[in-house]
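*Asks:* Provided below are the primary sequence and the corresponding predicted coordinates.
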Amino acid sequence: MSTNPLIFEHSRPGRRAAAQIPRAVDDNALADLPAHLRREGKPALPEVSEPEVVRHYTNTSAQNFAIDKQFYPLGSCTMKYNPRGANKAAMMPGFLARHPLAPERHSQGYMECMHELQDFLKEVTGMEDVSLAPMAGAQGEFSGVAMIRKYHEANGDDERSEILIPEAAHGTNPATAVMCGYKVREVPVGKDGDVDLDALKEAVGPQTAGLMMTNPSTCGVFERKIEEIAKTVHDAGGLLYYDGANLNAILGKVRPGDMGFDVIHMNLHKTFATPHGGGGPGAGPVGVSKRLQRYMPTPVVGQRDNGSFYWKDTDELPDSIGHLSAFMGNAGVLLRAYFYAMVLGREGMIRVGEYSTLAANYLSKRLQDVGCDAAYPSRRASHEFLLTFARQAKHNGVTAVDVAKRLLDYNQHAPTVYFPLLVPECFLIEPTETETKEALDRFVDAMENILKEAKDDPDLLHGAPYTQPLTRLDEVQAAKELDLAYKEEGAA
Amino acid sequence: MSQIPEELRYATSHEWVRMEDDGNVYVGISDHAQDSLGDLVFVEPPEVGDEISTGDECGVVESVKAASDIYAPMSGEVIAVNENLEDSPELVNQDPYGDGWIYQLKPANKAEWDELLSADDYATTLEDDED
């Protein structure tokens, strides 16, 4: 097998795809475009016949290694399969055609959905209030820490300069803290995957603005001492930030608000029915405790006494950290989350938490039975778990990436590798709530075979994969000499 | 087993320090660190003139697997950085204690040298990590 040629390589002068020809543009429409902004020559578009175009993209899509074709256990990503129905409902013409500047009275249906979504997320997280304004997880994080900052400033508490972050955190957490002007202090994680409480107690002080935490953590375990952690940080005058990246595992079971968190961001594109990881639009609503409510980003959807809905903005919430975009979040992503939540209801939501955790624990147990090493063997998994191939690396020279590449030959997508950094040669595996027992068993069979190969013929793994369009990539060259732009041969 | 030269001192965060006759020190990452990271694709050293304190994040090494911070093993002023790493970060993999040095520091407090780990002590921390 080999890769498909690029669409440009099919190009021959004069060939056309009727369906793709741009509509003619009225010359007058561009009359006022200044000369220096006009093209001098034609754009370098490929000239390809219509069936060639169709074949090219069909063949290219057939090379996808993706959730629609394979089990896809990437860790720290939560849902991979997104129900088609939620997308279909969000695509109803009444939603698609609504202009964001349309008057409130023309947007009551949409606004009612959003008002219900706010209420639903409040209920799920146990927070006092929710703003749907953040456009993505990173912006949700940013607004969360910006609120923490504003809270301390409003209290005249200007000495608080540090955000504490456990070493198992997502890389975005330290980035967020720095973006908001804080210094990051890392808190170590103990051998059982929980935060080292003694180290935390040493680290907190009058300089502590807050602690950012993901629970369950990226170690795939639920932080058992969370109440003591919350008390330690609160007693020092700091606030608690909950990264909602791993919300699936606790849906309907435990609420961050009840654990003592002051602010949480939820990745609706991770937990609530929007495909992610492709860089598409996200949604990162923030939930806040009572003490942060007045700083929430705007607009939010309010309801008047007469039942109608309106955009509640900074005139009513003057202490808000303000707008994060021109309007309120990404409407399409918010709508998918709304429909997903409505279809599941309370009972369904609890089942998501239960099944994502059951699938992870079943897979973890079976993989250990066939000879894999769990990073935290004494712990029950949350919705994901960590394996380590440190033993194989030492004895057979077979690393996590060798095993990952070999999985492709067994038609299984590789899990997340080498994250979190604190576990050597690791796999972070997250099967999610949507996989059948048979799919999980096939993965175990593949892993059992690969472990045998690792012992008998390590070189076989070093060269994997063998069945894909490309075999082992030179990752160093790919990272150092990334070349994404097509240049015609002979062109300058 | 990774190389741990006797004449160097080490930080628990896997940096090595070499003291020169003029009292300035070279800093890099240990053989164990480069081996755990895998093939490096990018090194961001501190800037010449930076004043850094022990424990500060003062640079980044990025491999095909991960990006990691480099921490300052001693306080002082950065007086030189290894310009060759910009085009050839693989020098850190090939020769971590020689051509793969990352920056040179004029220590603010030479007593800090004695607080760093000896080769034997560093070897012990690596063994502990493997348990």
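*Replies:* Yes, it's here.
*Asks:* enumerate the residues of chain A near chain B.
*Replies:* A:171, A:390, A:401, A:417-419, A:421, A:424, A:475-476, A:479-480 (CB under 8 Å from any CB of the partner chain). In this view, the C-beta of every residue, glycine as well, is placed from N, C-alpha and C.
*Asks:* can you flag which of these belong to helices?
*Replies:* Cross-referencing the residues of chain A next to chain B against helices under DSSP state H gives A:390, A:401, A:475-476, A:479-480.
*Asks:* ok, back up a step: please indicate which of the residues of chain A next to chain B are buried?
*Replies:* Buried members of the residues of chain A next to chain B, scored by 16 or more other CB atoms under 10 Å in any protein chain shown, are A:390, A:401, A:417-419, A:421, A:424, A:476, A:479-480.
*Asks:* okay, those in JSON lines with pLDDT and distance to B:Val17 next?
*Replies:* Listed next are those as JSON lines, based on pLDDT from 0 to 100; distance: CB to CB, whole Å:
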{"residue": "A:Ala390", "pLDDT": "94", "distance to B:Val17": "28"}
{"residue": "A:Val401", "pLDDT": "94", "distance to B:Val17": "31"}
{"residue": "A:Val417", "pLDDT": "94", "distance to B:Val17": "32"}
{"residue": "A:Tyr418", "pLDDT": "91", "distance to B:Val17": "27"}
{"residue": "A:Phe419", "pLDDT": "88", "distance to B:Val17": "29"}
{"residue": "A:Leu421", "pLDDT": "82", "distance to B:Val17": "23"}
{"residue": "A:Pro424", "pLDDT": "89", "distance to B:Val17": "24"}
{"residue": "A:Val476", "pLDDT": "87", "distance to B:Val17": "28"}
{"residue": "A:Ala479", "pLDDT": "85", "distance to B:Val17": "29"}
{"residue": "A:Lys480", "pLDDT": "84", "distance to B:Val17": "28"}
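*Asks:* what is the nearest of those residues to A:Leu335?
*Replies:* Nearest to A:Leu335, judged by CB to CB, of those is A:Phe419 at 31.1 Å.
*Asks:* for chain B, what is the nearest residue in the stretch 251-400 of chain A?
*Replies:* A:Ala390 (7.9 Å; CB to the nearest CB).
*Asks:* dump the lengthiest strand in chain A to PDB, keeping only the CA atoms.
*Replies:* The longest strand of chain A (DSSP state E) is strand A:208-214. Extracted C-alpha coordinates of strand A:208-214, given in PDB (Å, rounded to 0.1, in the frame of the first residue of the first chain):
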ATOM      1  CA  THR A 208      -1.700  31.000  46.900                       C
ATOM      2  CA  ALA A 209      -4.400  32.300  44.500                       C
ATOM      3  CA  GLY A 210      -5.800  28.900  43.800                       C
ATOM      4  CA  LEU A 211      -5.400  25.300  42.900                       C
ATOM      5  CA  MET A 212      -6.300  23.900  39.400                       C
ATOM      6  CA  MET A 213      -7.200  20.200  39.400                       C
ATOM      7  CA  THR A 214      -8.700  17.500  37.200                       C
END
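*Asks:* widest-spaced pair of the residues of chain A next to chain B?
*Replies:* The widest separation within the residues of chain A next to chain B (CB to CB) is 27.4 Å, between A:Ala390 and A:Lys480.
*Asks:* for A:Val184, give me its contacts.
*Replies:* Going by CB atoms under 8 Å, 6 or more residues apart in numbering or on different chains, A:Val184 touches A:162-163, A:165, A:174, A:177-178.
*Asks:* hmm, which of these are the buried ones?
*Replies:* Among the contacts of A:Val184, those classed as buried by 16+ other CB under 10 Å are A:162-163, A:165, A:174, A:177.
*Asks:* so what's the residue count around A:Phe309?
*Replies:* 20 (other CB atoms under 10 Å in any protein chain shown).
*Asks:* secondary structure element holding the closest residue to it other than its chain neighbours?
*Replies:* By the measure of CB to CB, 6 or more residues apart in numbering or on different chains, the closest residue to A:Phe309 outside its immediate chain neighbours is A:Met111, 3.8 Å from it. Per DSSP states H and E, A:Met111 falls inside helix A:108-125.
*Asks:* next, the buried residues of that helix.
*Replies:* Judged by neighbour count using 16+ other CB under 10 Å, the buried positions of helix A:108-125 are A:110-111, A:113-115, A:117-118, A:120-125.
*Asks:* mind putting those residues into TSV with distance to A:Ala360 and pLDDT?
*Replies:* Listed next are these as TSV, based on distance: CB to CB, whole Å; pLDDT from 0 to 100:
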residue	distance to A:Ala360	pLDDT
A:Tyr110	36	97
A:Met111	38	97
A:Cys113	32	98
A:Met114	32	98
A:His115	34	98
A:Leu117	27	97
A:Gln118	30	98
A:Phe120	25	96
A:Leu121	24	96
A:Lys122	27	97
A:Glu123	25	95
A:Val124	20	94
A:Thr125	22	95
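*Asks:* ok, the residues you listed vs chain B, which is closest?
*Replies:* For the buried residues of helix A:108-125, the nearest to chain B is A:Thr125 (31.1 Å; CB to the nearest CB).
*Asks:* let me know the secondary structure of the closest residue to the closest one other than its chain neighbours.
*Replies:* Leaving aside its chain neighbours, A:Thr125 sits nearest to A:Gly287 (4.5 Å; criterion: CB to CB, 6+ apart). Taken by DSSP: H, G, I helix; E, B strand; the rest coil, the conformation at A:Gly287 corresponds to strand.
*Asks:* number of nearby residues for the residue lying closest to A:Arg149 once chain neighbours are set aside?
*Replies:* Leaving aside its chain neighbours, A:Arg149 sits nearest to A:Cys180 (5.5 Å; criterion: CB to CB, 6+ apart). A:Cys180 has 20 neighbouring residues, counting by other CB under 10 Å.
*Asks:* so where do the helices sit in chain B?
*Replies:* Under the criterion DSSP H, chain B contains helices at B:31-37, B:90-94, B:112-115, B:119-130.
*Asks:* the stretch 151-300 of chain A now?
*Replies:* A:172-179, A:197-203, A:226-235, A:256-259, A:268-271 (DSSP state H, counting those that start in this stretch).
*Asks:* that's all I had, so thanks and see you.
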